[in-house]
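In: Here is my input, please return the structure:
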Amino acid sequence: MENASIIEHFCHEHPLRLVCNEGKTIRCYGCWKAVVVSELAYICCMSDDKCSSKFILHKRCAEMPRQIQHPSHPQHPLILCIHRPEYKFLFNCDLCGKTCINVFRYSCYLCDINIDISCEKFDMDDNNLFQGQRLLSHPCHKHPLMLQRKPALIFSCDGCGTNEGGEMAYTCSACEFWVHKSCASLPMEKNVYHHHHSLSLAFFFPFKHGKYLRDFRCDICRKRFYPTYWVYFCDRCRFFAHIKCTTRENINLLTEKEEDDDSDHAIQLPINLSDFSKEVITPFIIRHGGSKINVDDMPTSVTMPSTNSNFSMLFNYHKHPLSLIKVDDDNNSSENEMKICDLCITPILSPPYYSCADCKYFVHLTCYFLPKTISDDDPLCEYRPRHCQNHKLTLYASSEDKQFLFCWTSSSCSSEDGDKSLLFCRMCEKLTTGIVYSCQACDMMIDVKCASLPTIIKHASHPSHKLIKRVPGKGFLCVGCYGYIWSDLDIAYCCGNNVCYDFWIHTGCAMLPPSIKHRWDKHPLLLTFDASMDHPSDFYCEACEEEMHPKRGMYHCRECDQSFHTYCLPESGEHRNIKFGRQFEFGDLHPHPLTYNIVSLKYTCDRCGRIAYEKPGFECANSNCNYALCEYCGLEYLYFRTMNDYCQTMQQKKFGS
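Out: Prediction:
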């Protein structure tokens, strides 16, 4: 009998016990009306030091069904909804028209119907609840359930949420509560093929995970949850599944036949950046009429596009000839240094490649043969501003100073960002020092990595189905960074299966490296899209210290329990497409060359006083000098020096001097 007076309620994380209120008068959490002395009410079972909220509910409020069918709105069931009282949520009762402030209300999500639980026209009389013989007392419902011995007609089961008829059902005539006999017979704990822990049955989405209700999907079928339907879940791993999905033993969605014949040959992302040139860029070149490269047919020396500007920030230009390297020199002391291709900004691990050793300028053999233009039938050409009628993507290469200056000022970044002097990829929305495809008509630029991405891929964030590159018709949230994907402005990958119609991932997030080595952790940080397995505690980013979504993209070390947002690391964030290490002369501003790098020698900028430490900027190449500039000051200085240099050149040409 004692256990009968203890209930689990969806609005509170602790069990509630039925008692007679012997203390002072206190407000009910549900209806916001007073619970007077000697009135029966449910209170939290925990002591004050474990739960200090003084939580209390009228007996009537606590025993209200979570879902009802009300004659005022027969089209849909009404759901008992809650909100936090401190938010002072106001709503108008659709029965009496009064403005209410209750925490509890009955609501229809589809029709925006709200009913005050204390409304005089809302009849919840409990005097005649028990009709007929009590056949089943089930923990999912407060009233006895009666078995309909003949198969019921089509109805909506309050357990699984399906409207499958043809089987017997338990009903509560007082509340119009229906549940399949098979659902009512489900065990409170169940082992399933899809998870290594036993799952617990909950009669509504667990309160402690309510903040993830809108984001979490069934880990078996990938469909959404409804708050009042039953779920099986593993609290330790935050694994959730529809009760119907757990009855389909040994289902494996990975074996579903994809609709597209090319899906079996689709590239699997993410891949190591060192393999990007071979696995992604090479097929891109072949798709545009290129062929496989034979190193024996390659010239031993080539030249790259150059510019006359002495202060050029365009890294993909180069004024020296490049030599073909077929075998690395074993005696070279810089053998173990990471070589980065200056066109695609990905590593070069081994020969053959082109090199200018003095400038540390390197180019993949593959990248040297990048197509000069993107063919009109490529799906990438469909991604264009609406006003551009003559859209044509051409590999950005010009030695003209006018073209160079135009590039400097055409970036979409504001001057406050300090990055106005770098090329800006409109597809991944990242700055780059590499080469880009650009449209002269609309000024749009797309870097080589984004341009080479195929239309169809497979990705670890969504292993069940292939992903297709599209322009979204409306806005979605990216599963990688949880940032917004703008309709008609972005291009992203979406699931090709109608079940997962709202699964989208930015192209930039799809290209994130599978692992990153960071100085704060001795182990590689692995890219994961569900780190919650055997991790019941919350996740916090070590860089920004904000709480992280357990089933979104993050870099995580399980051994050290360290996590990072994908955008909080330099190797995967805003500057992942920038090759650092180039030196520049700053004339009268500083006597020594400054290296474009992540500043580690100085905390503040020596010119403006902004914080420069651990941010991209310029620091002195002289080991005995700690001079440093923030990125904004350095790029601004180089920009105006280039402008002056250009103006002087034009004057000399004009006056012939």
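In: for the stretch 101-250 of the chain, what are the low-confidence residue spans?
Out: Applying pLDDT under 70 to the stretch 101-250 of the chain flags residues 123-135, 149-153, 165-166, 248-250.
In: any idea how far Phe640 lies from Cys647?
Out: 10 Å (C-beta to C-beta, to the nearest Å). Backbone N, C-alpha and C define where each C-beta goes, glycine included.
In: In this structure Asp235 contacts Ser537, no?
Out: No: using C-beta atoms under 8 Å, Asp235 is not in contact with Ser537; the gap is 11.4 Å.
In: more neighbours, the two?
Out: Each of Asp235 and Ser537 has its neighbours counted (other C-beta atoms under 10 Å); Asp235 has more, 15 against 9.
In: quick one, phi psi at the more buried one?
Out: phi -70, psi -30 (degrees, to the nearest 10).
In: which one is His209 nearest to, not counting chain neighbours?
Out: Leaving aside its chain neighbours, His209 sits nearest to Arg238 (6.7 Å; criterion: C-beta to C-beta, 6 or more residues apart in numbering).
In: Just give the number of residues close to that neighbour.
Out: 20.
In: check contacts around it.
Out: 209, 212, 216, 532, 536, 550-551 (C-beta atoms under 8 Å, 6 or more residues apart in numbering).
In: what's the most distant pair in these?
Out: Phe216 and Pro536 (15.0 Å; C-beta to C-beta).
In: more neighbours, those two?
Out: Phe216 (21 against 11).
In: Leaving out the residues flanking it, which one is nearest to the more buried one?
Out: Nearest one to Phe216, counting by C-beta to C-beta, 6+ apart, is Phe240 at 5.6 Å.
In: just the helices in the stretch 401-550 of the chain please.
Out: Using DSSP state H, counting those that start in this stretch, the helices of the stretch 401-550 of the chain run over residues 401-409, 448-451, 507-510.
In: for the last one, packing partners?
Out: Pointing back at helix 507-510 there. Under the contact criterion of 3 or more C-beta pairs under 8 Å, 6 or more residues apart in numbering; DSSP states H and E, helix 507-510 touches strand 492-495.
In: Could you tell me which strands sit next to the strand it packs on in the sheet, and their orientation?
Out: Looking at strand 492-495 with DSSP bridges, its partner strands are strand 467-470 (antiparallel), strand 504-506 (antiparallel).
In: How about the contacts made by the residue nearest to Phe216?
Out: So Phe240 contacts 205, 209, 216-219, 225, 231-233 (C-beta under 8 Å, 6+ apart).
In: Can you pull out the low-pLDDT segments for the stretch 301-450 of the chain?
Out: For the stretch 301-450 of the chain, the ranges with pLDDT under 70 are 305-317, 329-336, 377, 386, 397-422.
In: sec struct for Tyr639, please.
Out: Three-state assignment for Tyr639 (DSSP: H, G, I helix; E, B strand; the rest coil): helix.
In: same question, Asn644
Out: Taking three-state DSSP, the label given to Asn644 is helix.
In: give me the number of residues near it?
Out: Residues near Asn644, counting by other C-beta under 10 Å, number 11.
In: what's near enough to touch it?
Out: Going by C-beta under 8 Å, 6+ apart, Asn644 touches no other residue.
In: so what pLDDT did it get?
Out: Here the pLDDT value assigned to Asn644 is 70.
In: what about it, distance to Tyr637?
Out: 11 Å.
In: same deal with Cys605?
Out: Taking C-beta to C-beta, one finds Cys605 at 11 Å from Tyr637.
In: Mind checking which of the two has more residues around it?
Out: Neighbour tally, Cys605 and Tyr637, criterion other C-beta under 10 Å: the higher count belongs to Cys605, 23 against 20.
In: pLDDT score assigned to the more buried one?
Out: Note for Cys605: predicted pLDDT of 92.
In: these two touch, right, it and Glu631?
Out: No: between Cys605 and Glu631 there is no contact, the gap being 9.0 Å when judged by C-beta under 8 Å.
In: any shared contact partners between the two?
Out: By C-beta under 8 Å, 6+ apart, Cys605 and Glu631 have these common neighbours: 612, 617.
In: re the thing from before, out of the contacts of Arg238, flag the one nearest to Ser600.
Out: So of the contacts of Arg238, ranked by how close each gets to Ser600 (C-beta to C-beta), first place is Pro550, at 32.7 Å.
In: Count the neighbours of the spatially closest residue to the closest one that is not a sequence neighbour for me.
Out: Spatial nearest neighbour of Pro550, chain neighbours left out: Ser532 (4.0 Å); criterion: C-beta to C-beta, 6+ apart. When neighbours are counted by other C-beta under 10 Å, Ser532 registers 21.
In: dump the residue contacts of Ser532.
Out: 237-239, 550-551.
In: how close does it get to Ile293?
Out: For Ser532, the distance to Ile293 - C-beta to C-beta - is 44 Å.
In: again with Gly573
Out: As judged by C-beta to C-beta, Gly573 and Ile293 stand 33 Å apart.
In: tell me the strands in the stretch 151-300 of the chain, going along the chain?
Out: Applying DSSP state E, counting those that start in this stretch to the stretch 151-300 of the chain gives strands spanning 169-172, 177-180, 189-190, 199-202, 231-234, 239-242, 267-269.
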